[in-house]
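Engineer: Quick one: sequence plus predicted model below, questions after.
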Amino acid sequence: MSYSVLFVCLGNICRSPMAEAVFRDKAGKAGLRDLTIDSAGTGDWHIGKPPHAGTRGVLDTNRISYEGMRARQLKREDGEKFDLIVAMDTNNERDIRSVIGSDSRAKVIRFLSLVPEKGLDDVPDPYYTGNFDEVFEMVGEGCDRLIDRIVDRKQ
């Protein structure tokens, strides 16, 4: 059974590519091979650019590959292509729903709904905060929970 996940943030250079890379790494280690994993941004400012230097740095430190990743903008057809679209914050969630439309087959959730005990709605944007390590920790926890959900779904 294949399953597809799209992580979405504002510019697709910080949070969503970090989540894509971490999730891809964790899914591989969990033996989940039948997944499509991608990321996108709601804005178009960074299309074609690699992940932000801060994201690359934290991924390098943790030996997680981001090879070949380039920013792209969310498209309406992503709502049909993906099973799950994961918004990194409340504004992203609103924008995703606006782009893909209400008749989309994709389920849309906020990333931190996977980690409710954090007591936060939004993953802070390290483009503005500079705290890539904090975001990496949140992303790791959320990706672990998402792996658990997918494994449970397959059983």
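Structural biologist: Structure received.

Engineer: mind listing what residue 73 touches?
Structural biologist: Counting by C-beta atoms under 8 Å, 6 or more residues apart in numbering, residue 73 touches 12, 40, 41, 42, 43, 44, 47. Every C-beta, even on glycine, is put in place using the N, C-alpha and C of the backbone.

Engineer: what do you get if the cut-off is 6 Å, keeping everything else the same?
Structural biologist: 41, 44, 47 (C-beta atoms under 6 Å, 6 or more residues apart in numbering).

Engineer: Name the SS class of the nearest residue to residue 51 once chain neighbours are set aside, please.
Structural biologist: Here the nearest residue to residue 51 in space, its sequence neighbours aside, is residue 17; by C-beta to C-beta, 6 or more residues apart in numbering that works out to 4.2 Å. Here residue 17 is recorded as helix under DSSP: H, G, I helix; E, B strand; the rest coil.

Engineer: Give me the below-cutoff pLDDT ranges for the chain.
Structural biologist: For the chain, the stretches with pLDDT under 70 are 1, 154-155.

Engineer: need the helices for it, in chain order.
Structural biologist: Remark: helices assigned in the chain by DSSP state H are 15-29, 53-61, 78-81, 90-100, 126-129, 132-154.

Engineer: The fifth one: which residues count as buried?
Structural biologist: To tie it back to what came earlier, the one meant is helix 126-129. 126, 127 (16 or more other C-beta atoms under 10 Å).

Engineer: sorry, back to before: let's see which of the contacts of residue 73 end up in strands.
Structural biologist: Mapping those onto strands (DSSP state E) picks out residue 41.

Engineer: Show me the one in the contacts of residue 73 that has more neighbours than the rest.
Structural biologist: The most crowded member of the contacts of residue 73, judged by other C-beta atoms under 10 Å, is residue 41 (26 neighbours).

Engineer: Verify the contact between that one and residue 12 for me.
Structural biologist: Yes: if you go by C-beta atoms under 6 Å, residue 41 and residue 12 touch, sitting 3.1 Å apart.

Engineer: Could you tell me which residues touch both of those two?
Structural biologist: residue 71.
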